[in-house]
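> Next come a sequence and a model predicted from it.
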Amino acid sequence: MKLTIQTKRVYDKPEPRKDGQRILVMRLWPRGIRLDAVNLWLKDLGPKRDLLTAYKAGKVRWPTFEKRYLEGLESDEARRALSQLMQTLQGSRFTLLCACRDLKRCHTAPLKRTLARWAKLS
């Protein structure tokens, strides 16, 4: 399966030709964002609230956050959301959206790698 996956802040201006389907992967809906700004909301692919809070407070460093986030993708809810996403987007372009200011230290980075691995296996 050929997937084109990119990541972007949900607050960035949509670029329909470049973005493809816009998939929000946060547990809470971001303030000020209209419902029609995203095509699909998969909140179970966002980090658990306690993990995100600990990371933002500096109690958890990035390597630990990333490891625990990936472990969270093993949950039944996250597995269902991953399967739904892969079935919906077969062979297409899409953008993972979140509100993180630093996309290099954002859960969308390991999620993107996970989706790319899944795509190669199918």
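Happy to help now that I have it. Numbering: from 1, shown residues only.
> and the spatially closest residue to Leu97 that is not a sequence neighbour, how many neighbours?
Nearest residue to Leu97, sequence neighbours excluded (Cβ to Cβ, 6 or more residues apart in numbering): Val10, at 4.2 Å. Backbone N, C-alpha and C define where each C-beta goes, glycine included. By other Cβ atoms under 10 Å, the residues close to Val10 number 21.
> same thing with Trp29?
14.
> what's the spacing between the helix or strand harbouring Leu82 and its chain's center?
According to DSSP states H and E, Leu82 maps onto helix 76-88. The chain centre lies 12 Å from the centre of helix 76-88; the measure is Cα atoms, centre = their mean, to the nearest Å.
> Just the buried positions in the helix or strand that it is followed by, please.
Per DSSP H and E, the first helix or strand lying C-terminal to helix 76-88 is strand 93-98. By neighbour count on 16 or more other Cβ atoms under 10 Å, the buried set for strand 93-98 is Phe94, Thr95, Leu96, Leu97, Cys98.
> Stretch 45-56 now?
Those would be Leu45, Gly46, Pro47, Leu51, Leu52, Ala54, Tyr55, for stretch 45-56 by 16+ other Cβ under 10 Å.
> Can you classify the nearest residue to the last one once chain neighbours are set aside by secondary structure?
Going back to what we said before, that points to Tyr55. Spatial nearest neighbour of Tyr55, excluding adjacent residues (Cβ to Cβ, 6+ apart): Phe65 at 4.5 Å. What DSSP: H, G, I helix; E, B strand; the rest coil gives for Phe65 is helix.
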